[in-house]
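1. below: sequence and its predicted model.
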Amino acid sequence: MKKTITVYEHQSIKLNQEIDGFKFDANTLLALQQYSGSHGVPYYSLIHNGIRFNEYVGVIQVGNTVIEVLPKADNNHPQNSTSERSEWRNLLIGMLRATGEIDVHATSNSTLKIQTNSILDLYFELFIKETEWLLRNGLIKQYRKNASNLTTLKGHLLFSKNIQHNIVHAERFFVNHTTYDLQHLIHTILYKTICVLNRINTNSLLKGRISSLLLNFPEMPDLKVNESTFKKIVFTRKNESYKKVLSISKLLLLRLHPDIVNGKNDVLALMFDMNLLWEKFVYKSLRKHKQQDFLVKDQVQRTFWESEDKTKTKLIPDIVIQNISNGERFVLDTKWKNLNGKNPSPEDLRQLYVYHKYFEAKQVALIYPGAESFKSGKYLEPRRFDNDPINRCSVICLEIKKDNKRIDNLQKYISDYIVGKMII
């Protein structure tokens with residue numbers, strides 16, 4: 001029976017603790033302990049008889065147990081109501097879509113058939129939908145080298161193999177030849193993903209569609225998949241339509257930790273760093289709704305230290321906004337933490353001070369989630385404590401749940417508020 005447990009980031013779960021009517025049992029805890037020990041995962045920390053989640057959100061599936069970890073940016077204690085969870089889940093899915101973490105082929109990007117209660121189910125269905133689209137439109141063939149024993153001579157004769165296999169079969173030839181068919185690396189990866197989904201899926205609404213894929217997709221040999229496997233794929237105009245489904249396959253296969261003992265407690269973790277997701281979401285919001293005279297860039301680099309052996313250290317702020325007309329720069333650094341009305345940490349302020357100097361910025365700002373607020377401030381230079389408005393550093397808190405009905409409205413609010421407070 002499928003068990004779904006919903007928690008929030010930085011929340012702890014203890015052995016035998018009951019959440020959503022299910023107990024966090026010893027088998028699940030043991031699997032997560034082994035997963036952490038073998039992979040050194042940053043998603044959670046081990047505590048006595050339990051785990052404590054870090055700033056990562058998403059889904060971890062252990063056998064038939066699904067643990068959903070949702071973001072939580074306000075200062076209230078988690079209220080485990082259906083509406084509270086739905087609100088944060090929808091926000092997370094919207095942020096993943098807006099930042100490109102959830103992306104599917106344009107022609108198949110229609111309304112999904114299930115009302116998902118889990119990001120994991122969403123990714124499963126995205127893979128299924130993309131693969132169904134590929135089957136309907138026809139799978140591509142590729143050339144591959146093949147060594148086999150044939151009754152006709154084609155390609156290159158492998159003398160040693162031919163003697164080994166055909167010493168009494170003069171009518172046969174062991175040859176190395178080229179075959180043009182459906183059996184190639186891309187389809188082998190997709191078939192392995194289908195087989196994995198067939199084993200770990202717990203959603204009854206997807207079971208029939210996965211079985212149909214197994215029936216209709218050509219059977220492929222088994223393949224041990226790792227990071228280098230996906231690096232071997234060269235995308236061309238012919239196989240460009242496979243790019244999105246392969247990105248989902250990569251996500252699923254590389255984050256799967258099979259249970260090699262009894263096969264009942266496979267661990268699959270689809271977790272996302274909220275610091276990186278918040279940074280990308282603010283950046284995408286500013287890019288999407290930027291004014292015509294402004295450039296919005298991310299990961300702009302400046303070298304600020306060089307050693308004697310010429311190795312360099314660089315400054316990389318999250319976001320740089322530049323006014324094209326007058327060259328003014330504004331530097332933003334995003335932080336996924338709630339200040340709860342307090343001032344930023346000295347470390348955060350020092351970081352922005354360096355950005356201010358090296359990027360010659362008119363103003364810098366720290367961007368946090370939380371109750372909407374804007375606090376202006378300035379860095380006090382040595383022997384200069386007047387009110388000259390130089391070295392401005394603002395602190396902006398954004399109410400990210402201001403409008404969850406449409407993620408685009410939230411993005412426009414973020415862009416308008418930042419630009420309105422800092423630039424206009």
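-> Yep, it's here.
2. separation between the nearest residue to Ser12 once chain neighbours are set aside and Ser160?
-> Leaving aside its sequence neighbours, Ser12 sits nearest to Arg52 (CB to CB, 6 or more residues apart in numbering; 4.3 Å). The C-beta positions use only the backbone N, C-alpha and C, and glycine is treated the same way. Distance, Arg52 to Ser160, by CB to CB, to the nearest Å: 60 Å.
3. can you verify Ile418 is assigned to a strand?
-> No. Judged by DSSP: H, G, I helix; E, B strand; the rest coil, Ile418 forms no part of a strand; its state is helix.
4. contacting residues around it?
-> Residues in contact with Ile418 (CB atoms under 8 Å, 6 or more residues apart in numbering) are Val282, Leu286, Leu332, Ala365, Ile367, Ile396, Leu398.
5. tell me which of Arg52 and Ser160 has more neighbours.
-> Neighbour totals were compared for Arg52 and Ser160, and Arg52 leads with 14 against 8 (other CB atoms under 10 Å).
6. which SSE is that one in?
-> Per DSSP states H and E, Arg52 falls inside strand 50-53.
7. domain map for the chain?
-> Domain assignment for the chain by automatic domain parsing gives 3-138+185-274, 142-181, 289-422.
8. distance between the ends of the longest one?
-> Which is domain 3-138+185-274. One end of domain 3-138+185-274 sits 25 Å from the other (CA to CA, to the nearest Å).
9. the second one too?
-> According to CA to CA, domain 142-181 extends 6 Å from its N-terminal end residue to its C-terminal end residue.
10. any idea how far it is from the chain center?
-> Put simply, domain 142-181 sits 45 Å off its chain's centre (CA atoms, centre = their mean, to the nearest Å).
11. re earlier: could you dump the domains of the chain to a markdown table with mean pLDDT?
-> Below are those laid out as a markdown table (pLDDT from 0 to 100):
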| stretch | mean pLDDT |
| --- | --- |
| domain 3-138+185-274 | 85 |
| domain 142-181 | 73 |
| domain 289-422 | 87 |
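12. Gln363 against Met422, yeah?
-> Yes. Between Gln363 and Met422 there is a contact at 5.7 Å, judged by CB atoms under 8 Å.
13. hey, what's in contact with both of the two?
-> Common neighbours of Gln363 and Met422, using CB under 8 Å, 6+ apart, are Phe330, Ser394.
14. who has more neighbours, those two?
-> Using other CB under 10 Å as the criterion, Gln363 and Met422 rank with Gln363 on top: 23 against 19.
15. nearest spatial neighbour of the more buried one, skipping sequence neighbours?
-> Counting by CB to CB, 6+ apart, Gln363 lies nearest to Arg392, which is 4.3 Å off, once chain neighbours are set aside.
16. ok so, going back, residue contacts, the residue nearest to Ser12?
-> Contacts for Arg52 were tallied using CB under 8 Å, 6+ apart; they are His10, Gln11, Ser12, Tyr44, Ser45.
17. from Lys23, how far off is Leu30?
-> Leu30 is 14 Å from Lys23, where distance means CB to CB.
18. which among the contacts of Ile418 gets closest to Tyr358?
-> Tyr358 lies nearest to Leu332 out of the contacts of Ile418, by CB to CB, at 14.8 Å.
19. list the contacts of the closest residue in space to that closest one that isn't next to it in sequence.
-> Nearest residue to Leu332, sequence neighbours excluded (CB to CB, 6+ apart): Ile319, at 4.1 Å. Neighbour list for Ile319: Glu279, Val282, Tyr283, Leu286, Val296, Lys297, Asp298, Val331, Leu332, Asp333, Thr334 [criterion: CB under 8 Å, 6+ apart].
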